[in-house]
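Peer 1: Fold the following for me, if possible:
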Amino acid sequence: MTRAGADPVVVVRPAAHSDSAALDSLRRTCRAEVLGRRGGEGLVGSAAKVADHSADRTTHTIVAEVAEAVIGFATLKPVDEAAELSELFVHPLVRGVGVGHELLVAARRLAASCGCARVDSHALPGDRATKNFFEAHGMVTRLLVVSGPSTEADASR
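Peer 2: This is a model prediction of the structure:
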């Protein structure tokens, strides 16, 4: 629904089985984008594990749509006092118009309704756009995870 000169109406709702094809397409686009960045392999691997368990009752996927077309999604898993936002993705052609904002607001509400006090997520090293997005929404870095080879012989590479 779009009025002349107005921004399109973004609807955020729980994902339905009928969204499977759209979610698969968005996840492929997301993975291709993330794999091109430093640290992307690890992030894609952890998000895939969550997506594989999305049938469990504690993992929630929400979608954003405009004119009944799914253009973004978020996956949230409540764990103790935190909810892990393992995926938040908006199709590249519709970024910068508030879709990510609407998904994050809905994810936070969902986390609160599950009894979580905070939402945790990830940003890849050097991904200023993601870091800036989260910071603009009041989220702050509270832990940096570093990674390296398990043996010293491999450390010289």
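Peer 1: C-alpha from now on. contacts and neighbour counts both.
Peer 2: Fine.
Peer 1: got the buried residues for the helix or strand harbouring residue 13?
Peer 2: For residue 13, the element it lies in under DSSP states H and E is strand 11-14. Neighbour-count burial for strand 11-14 flags 11, 12 (criterion: 16 or more other Cα atoms under 10 Å).
Peer 1: State the next helix or strand along the chain beyond that strand.
Peer 2: helix 20-35.
Peer 1: hmm, which helix or strand of the chain has the shakiest average pLDDT?
Peer 2: helix 40-52 (a mean of 55; mean pLDDT, DSSP states H and E).
Peer 1: For the strand holding residue 13, which helices and strands make contact with it?
Peer 2: strand 60-66, helix 99-113 (3 or more Cα pairs under 8 Å, 6 or more residues apart in numbering; DSSP states H and E).
Peer 1: Looking at it now, give me its mean pLDDT.
Peer 2: Averaged over strand 11-14, pLDDT sits at 97.
Peer 1: Quick check: neighbours of it in the sheet, parallel or antiparallel?
Peer 2: strand 60-66 (antiparallel) (DSSP bridges).
Peer 1: Now find how far off-centre the strand it pairs with is within its chain.
Peer 2: Here the centre of strand 60-66 is set off from its chain's centre by 11 Å, with Cα atoms, centre = their mean, to the nearest Å.
Peer 1: Contacts for it next, please.
Peer 2: Outside strand 60-66, the residues within contact range by Cα atoms under 8 Å, 6 or more residues apart in numbering are 1, 8-15, 54, 70-77, 99, 102-103, 107.
Peer 1: Please repeat the previous calculation with a cut-off of 7 Å.
Peer 2: 8-15, 54, 70-77, 99, 103 (Cα atoms under 7 Å, 6 or more residues apart in numbering).
Peer 1: Mind giving me the ChimeraX select for those, buried ones only?
Peer 2: Of those, the buried ones go into a single ChimeraX selection, burial set by 16+ other Cα under 10 Å:
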select :10,11,12,15,54,70,71,72,73,74,75,76,77,99,103
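Peer 1: downstream neighbour of the longest strand seen in the chain in the secondary structure list?
Peer 2: Taking DSSP state E as the criterion, the chain has its longest strand at strand 69-79. With elements assigned by DSSP H and E, the helix or strand that comes after strand 69-79 is strand 82-90.
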